[in-house]
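# just to be clear, the model below is a prediction. Sequence and coordinates:
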Amino acid sequence: MSKFVMPSLGADMESAVLMEWKVKEGDEVKKGDIIAEVETSKGVIEIEIFDDGVVEKLLVEPETDCKVGDTIALIRSTNDSLEEDMKQDIPHVKEENTEIEVKQEVPHANDESKTEEKHIKISPAAKKRAKELNVDLSKIILKIDGKIGLSDVENAVKKTKPDTKAIDGMRQAIAKAMSRSNAEIPHYYLTASINLTPALKWLEGLNSNRSISERILPAALMIKAIVLALKKVPQLNGFWKDDTPQIIQEINPGIAIALRKSGLITPAILNTQEMSLDETMKSLDDLITRTRLGKLKGSEMTEQTITITNLGDLGVESVLGVIYPPQVAVVGIGRIMDKPWAENDMLSVRKVVQVTLAGDHRATDGRIGAQFLDKLDKILQKPQELL
Amino acid sequence: MSENITYREAIKRAIHKAMSEDDRVFLMGEDVGRYGGSYAVSMGFLEEFGSEKIIDTPLCESGFTGAGIGAAVNGMRPIVEIMTVNFSLLALDQILNTASKLLHMSGGQFNVPLVIRMATGGGNQLAAQHSHSLEGWYAHIPGLKVLTPATVQDAYDMIGLALEDPDPVLIFENATLYNSKGDLDVELSPVEIGKAIVRREGKDLSIFAYGINLIKALQAAENLANDGIDVEVIDLRSLRPLDDEMIMASVKKTHKVLIVDEGWKSGSISAEIMARINEQAFYELDAPMARVCSAEVPFPYAAHLEQAAMPQVDKIIQMAHKVMEDL
Amino acid sequence: MKLDMAQAEKFYSQMLLIRRFEERCAEAYSHQKIRGFLHLYIGEEAVGVGVMDALSDEDAIVATYREHGLALVRGISPQSIMAELYGKAEGCSHGRGGSMHLYSADKRFYGGNAIVAGGLPFAVGLALADKKMNKNRATVCFFGDGAVAEGEFHESLNLAALWNLPILFVCENNRYGMGTALKYAESETNISKKAAAYKMSSHQVDGMNVIEVAKATQKAVKSIKAGGGPQFLEALTYRFRAHSMFDAELYRDKSEVQEWKKEDPLITFEKRLIELDFEIDTDKIEKEVAKIVEDAVEFAEAGTLEPVEELEKFVYSQRDLS
């Protein structure tokens, strides 16, 4: 007995529908006779028998979809030599239900410590050399743009005195600038105590309706308020160059950010004058992230028009900053503290912050400074207008 | 003993020598005979060798390239000249589906010792359909060899090397190079197919180039030397096979890579070289690899636009600086 | 042409061999032993047998993807052909080519080509070299009616006539280029006329009649070898099967096929022999052919697969260039 299978008629044929049998069980058939009509993707094709014999059994009903290679009929063959061939194992396509594991990537919350180590930009050659020379990459000075190259690794090894290069380039730059500032700039200082309770309350209410990623931090609120105040008192936003004050249109406040390993850096949020509170928050967040990753743009390091230093979170009550030349002002923000507050002859407790302005007396005087602080206070009492 | 002659003259001499010494060699293509060769390479050949050896074909690239294949398989050594790479597209089927594959499809029975020469490149305001540099495309095809002589010596040597090769060899002659002059020493042993040559040794940056861009790269290197950048310039000489060994050795030395390629950037031979360097010498890289290629436009007619679309010495210099400054 | 018993038997058994071999291929294909594309010569046997009869060993043949029959008659062993179809290393193309790329250097059989009209320029080249080397032999180039539309057909005929090359173009006009009838492909359906326009000696011949084909080819080859330049034969024939295995033949009527089957070259040849009073033992030949075919299948079944490590062989001659 030989099996008649659904024939393969083409490389891309996987199955066909048996439409109609052209023979009956018991019929005598000859090689070349048409046994059935099958419907394929290309149309109806007649399929033929390959040997002589008698149709023993038709195994499939008309209009059944059959896979190529399926046995669809049995033929009692009279041609022996062909039987051997028919009995050969027809390769079956193995159907394995392989379950593909889909790994769910859980997005990590912005874990700064982790990302900082993973994403140091280092060239393959440098990495290889560091390994060869046993150089601890964390000790290598991160340049402003944060890339480590071969020469950096090689220089790290060239150290004769272990600590000379330990003073990182940035520290040196800061040292230089501060010395110059102290030497050249006549500073004046003004302080204001600002009742932040309404603003903070308002902020709380705003944030309660928002997802975590959309919440506004008090720092952003302060920055936005300062920006608005600067719009009213623009003389504090600019430079002292060549013995003249230069008031700058764009307000690019340098935000003092502490780096984990070394020092303080004050990259600017660029063009805050057009930003909404949300945009300010986003920019601040982005700036801090990139600062920690060493991915700042050149312009962010050089185009600050004023500096804001917020050491309040370190517990300091007020900050008397040092102006970074050629800027003409520094705004220092202290810790927000619960303080007794007298208003309308009543005593109560309020969240109070001390804001200090350091000004370059060549560019502005106390009057301008006082105006600024006054405006700032008033702006912070109407937080809803900060949006 | 060397002579200072043109690239054109070098090719001419090489073909002349081959035809004089081997009866099986003949030249076939459009206007190679009565016209004297569209780039004057075969000027005077018809008179000297006769019409059996110098065959002016009708305009049927597919027809005469296929005929070249058949003649090569049947015992001759034809040099088929396709006027420019632009017209070779009409013969692409014969080149790809027959020449490159016959050895394989026949299970090793029939090799195709055919040489096809084509002019390539832009820069002469011949506009979009006459300015391609498709040698990088051809280098994609297994079974072919793709040669790109930049020097006069190579222009000479490669004819002989190609005719000796049992497999189909495509030689791409940058049209702008025909008039360039250089030294030819016929006594020198030719450097084999598949070997690149260091044309200028250096330690700061490796520039890989071929054809006319090798010349531009060398010019850029001179300029960069004034800025204290010591450039190593490597003449690839063949795009298939590429000399991986030489390329990686250079990368190991300088750790910085710049590739110059007149093909359109996307999917060009520069991309292939970068992929190979990534695969074989990643840990040697001290900066991202860079390349100067043609802009992704059909070549415009207006001179300033065309020049802006192509690799130039100043672009190479600029890009070199960028690579150097990346760290 | 003198038809004696020996010749008659030869013609019959060659045509029958092709017929049975092709039928066996269809069976093997339906059982997935042969894969890819399969184009059968069934119905066209008289053309292959007739043309080959007039050729000598030193002549060259260039063919198309429907070339099993031609390869068989040319003398490439049925075993190596079947092994090739099975993809085995013992195949005539080492298993690298398959049905559409049968080659044999010994028999000057240059394939097998999957690009319609792709072989014509190549054949012109073979003939060109013969002329240059003063080798008095012919190149025969087979192609179908579909190829006539390709530019390469025209380029090649022009070159052959222009350069007076020793080449015989044989157009196997089976009326259909895959699913497109000739009348939908050509403004001038008389193909021999087109060839004549290139100033080439050009004739039509009844492709179902092996004797006529043999006669016409003999004449053509004689002329070629006498330096008479290229010749063109349009053999009017028909394929009884579909273009390839996977073809529902929606483009032609079953009745047309039935009509043409009446002209089956095997049947008409048998009739002719009866008329001529030749008695050939068709049963004996049938048995002999069956054995040859079975041997071929056995050989192919027992064949080996080329080791995968050798994949990159045959890309360049003998050397290890990657």
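Ah, there it is. Residues are numbered from 1 along each chain as shown, chains lettered A, B, ... in the order given.
# so where do the helices sit in the stretch 251-387 of chain A?
Along the stretch 251-387 of chain A, the segments classed as helices by DSSP state H, counting those that start in this stretch run A:277-293, A:298-302, A:366-381.
# could you pull out the strands in the stretch 101-250 of chain B for me?
Assigned by DSSP state E, counting those that start in this stretch, the stretch 101-250 of chain B shows strands spanning B:115-120, B:145-147, B:169-174, B:181-184, B:197-200, B:205-209, B:231-235, B:238-240.
# what do you get for the stretch 1-150 of chain C?
Taking DSSP E, counting those that start in this stretch as the test, the strands found in the stretch 1-150 of chain C are C:60-62, C:139-144.
# can I get the ones you listed in a markdown table with distance to chain B and mean neighbour count?
Backbone N, C-alpha and C define where each C-beta goes, glycine included. Written out in a markdown table, the entries for the strands of the stretch 1-150 of chain C read as follows (distance: least, C-beta to the nearest C-beta, whole Å; neighbours: other C-beta atoms under 10 Å in any protein chain shown):
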| stretch | distance to chain B | mean neighbour count |
| --- | --- | --- |
| strand C:60-62 | 7 | 29 |
| strand C:139-144 | 8 | 28 |
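# now those as TSV including distance to residue C:177 and mean pLDDT?
What follows is these, written out as TSV (distance: least, C-beta to C-beta, whole Å; pLDDT from 0 to 100):
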stretch	distance to residue C:177	mean pLDDT
strand C:60-62	18	98
strand C:139-144	7	98
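# which one of those lies nearest to residue C:314?
Smallest distance to residue C:314 across these (C-beta to C-beta): 20.0 Å, for strand C:60-62.
# residues contacting that closest one, please?
Counting contacts by C-beta atoms under 8 Å, 6 or more residues apart in numbering or on different chains, the residues outside strand C:60-62 that touch it are B:74, C:52, C:55, C:70, C:74, C:107-111, C:113, C:119-120, C:122-123, C:126, C:130, C:137-142.
# ok, back up a step: among the strands of the stretch 101-250 of chain B, which comes closest to chain C?
Ranking the strands of the stretch 101-250 of chain B by proximity to chain C (C-beta to the nearest C-beta) places strand B:145-147 first, at 7.9 Å.
# quick one: contacts of that closest one?
With C-beta under 8 Å, 6+ apart as the contact definition, strand B:145-147 has outside contacts at B:135, B:138-139, B:158, B:161-162, B:165, B:167-172, B:193-194, B:237-241, C:316, C:321.
# quick check: residues of the stretch 201-322 of chain C near chain A?
By the criterion of C-beta under 8 Å from any C-beta of the partner chain, the positions of the stretch 201-322 of chain C lying close to chain A are C:242, C:244-250, C:294, C:297, C:301.
# and with 6 Å instead?
C:245-246, C:248, C:250, C:294 (C-beta under 6 Å from any C-beta of the partner chain).
# can you find the helix or strand in the chain with the smallest mean pLDDT?
Let's take chain A. Comparing helices and strands within chain A by mean pLDDT, DSSP states H and E singles out helix A:112-118 as the least confident, with a mean of 43.
# wait, I meant chain B there
For chain B, using mean pLDDT, DSSP H and E, the weakest element among its helices and strands is helix B:303-309, scoring a mean of 91.
# just the buried positions in that helix, please.
Of all the residues in helix B:303-309, those buried under the rule 16 or more other C-beta atoms under 10 Å in any protein chain shown are B:306, B:309.
# same thing with stretch A:175-195?
The neighbour-count check on stretch A:175-195 (16+ other C-beta under 10 Å) flags A:181, A:185, A:187, A:189-190, A:192-195 as buried.
# roughly how far apart are residue C:74 and chain A?
For residue C:74, the distance to chain A (C-beta to the nearest C-beta, to the nearest Å) stands at 26 Å.
# that residue against residue C:109, yeah?
Yes - with contacts counted by C-beta atoms under 6 Å, residue C:74 reaches residue C:109, the gap being 5.3 Å.
# could you list the alpha-carbon positions for stretch B:182-190 in PDB?
Provided in PDB are the C-alpha atoms of stretch B:182-190 (Å, rounded to 0.1, in the frame of the first residue of the first chain):
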ATOM      1  CA  GLY B 182      53.300  60.600 -11.800                       C
ATOM      2  CA  ASP B 183      56.200  58.200 -11.800                       C
ATOM      3  CA  LEU B 184      56.200  54.900 -13.600                       C
ATOM      4  CA  ASP B 185      58.900  52.300 -13.200                       C
ATOM      5  CA  VAL B 186      58.000  49.300 -15.300                       C
ATOM      6  CA  GLU B 187      60.800  47.300 -13.600                       C
ATOM      7  CA  LEU B 188      59.100  47.400 -10.300                       C
ATOM      8  CA  SER B 189      57.200  44.300  -9.100                       C
ATOM      9  CA  PRO B 190      53.600  45.100  -8.900                       C
END
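# how much space between the residue of chain A found nearest chain B and residue A:121?
Nearest residue of chain A to chain B: residue A:149, at 3.2 Å (C-beta to the nearest C-beta). Applying C-beta to C-beta, to the nearest Å, the value for residue A:149 to residue A:121 is 9 Å.
# who has more neighbours out of the two?
Each of residue A:149 and residue A:121 has its neighbours counted (other C-beta atoms under 10 Å in any protein chain shown); residue A:149 has more, 20 against 16.
# and the closest residue to residue B:326 other than its chain neighbours, which of the three is it?
Distances taken as C-beta to C-beta, 6 or more residues apart in numbering or on different chains place residue B:287 nearest to residue B:326, at 4.2 Å, with adjacent residues excluded. Three-state call for residue B:287 (DSSP: H, G, I helix; E, B strand; the rest coil): coil.
# interface residues of the stretch 1-150 of chain A facing chain B?
A:123-125, A:128, A:147, A:149-150.
# is it true that residue B:217 touches residue B:260?
Yes - here residue B:217 lies in contact with residue B:260, judged by C-beta under 6 Å, at a distance of 5.4 Å.
# any residues in contact with both of these two?
When contacts are counted by C-beta atoms under 6 Å, 6 or more residues apart in numbering or on different chains, residue B:217 and residue B:260 have B:209, B:316 as shared neighbours.
# spatially nearest residue to residue 6 (excluding sequence neighbours)?
Because you didn't say which chain, this covers chain A. Nearest in space to residue A:6, with sequence neighbours left out and distances taken as C-beta to C-beta, 6+ apart, is residue A:66 at 4.5 Å.
# wait, I meant chain B there
Distance criterion C-beta to C-beta, 6+ apart; nearest residue to residue B:6, sequence neighbours excluded, is residue B:181 at 5.4 Å.
# and the pLDDT for residue A:12?
Residue A:12 carries a pLDDT score of 76 in this model.
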